[in-house]
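Enquirer: Can you look at this prediction? I've put the sequence above it.
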Amino acid sequence: MGFLLWIAAVILVIAGIVTLLNGSVILGIVLIIVGLAVGPGGWSIFNRK
């Protein structure tokens, strides 16, 4: 499960960076924040203790 969350987080952050480079700042920032929230390391919405 952790590996799948890590893959999803990486995809979301990369999509956010690409979106930022294409000029949509708000959507890029939102995608990066969601990627950090989904990822298993650090702050994760699925890993509440």
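Expert: Great, that's in hand.

Enquirer: what residues are up against residue 27?
Expert: Residues near residue 27 by Cβ atoms under 8 Å, 6 or more residues apart in numbering: 16, 19. For glycine as for every other residue, the C-beta is placed from the backbone atoms N, C-alpha and C.

Enquirer: Secondary structure element holding it?
Expert: Residue 27 is part of helix 25-38 when elements are defined by DSSP states H and E.

Enquirer: Please apply the same query to residue 3.
Expert: Applying DSSP H and E, one finds residue 3 within helix 2-22.

Enquirer: Where does the prediction get shaky in this protein?
Expert: Applying pLDDT under 70 to the chain picks out residues 40-49.

Enquirer: center of it, which residue is that?
Expert: Closest to where the C-alpha atoms of the chain average out (Cα atoms, centre = their mean) is residue 35, at 0.9 Å.

Enquirer: Correct me if wrong: that one contacts residue 19.
Expert: No. Residue 35 lies out of contact with residue 19 (Cβ atoms under 8 Å); the separation is 11.3 Å.

Enquirer: Quick one: list the elements packing against the helix holding residue 3.
Expert: With contacts defined as 3 or more Cβ pairs under 8 Å, 6 or more residues apart in numbering; DSSP states H and E, helix 2-22 has these neighbours: helix 25-38.

Enquirer: Could you give me the buried positions within the helix it packs on?
Expert: 28, 31, 32, 34, 35, 36, 38 (16 or more other Cβ atoms under 10 Å).

Enquirer: between those, which is closest to residue 6?
Expert: When these are ranked by distance to residue 6 (Cβ to Cβ), residue 38 comes first, at 9.1 Å.

Enquirer: Quick check: closest non-adjacent residue to the closest one.
Expert: Among residues not flanking residue 38 along the chain, residue 9 sits closest, at 5.0 Å (Cβ to Cβ, 6 or more residues apart in numbering).

Enquirer: Run a quick neighbour tally on that neighbour.
Expert: Residue 9 has 21 neighbours, counted by other Cβ atoms under 10 Å.

Enquirer: quick one on the thing from earlier: nearest to residue 13, of the buried residues of helix 25-38?
Expert: residue 35 (3.8 Å).
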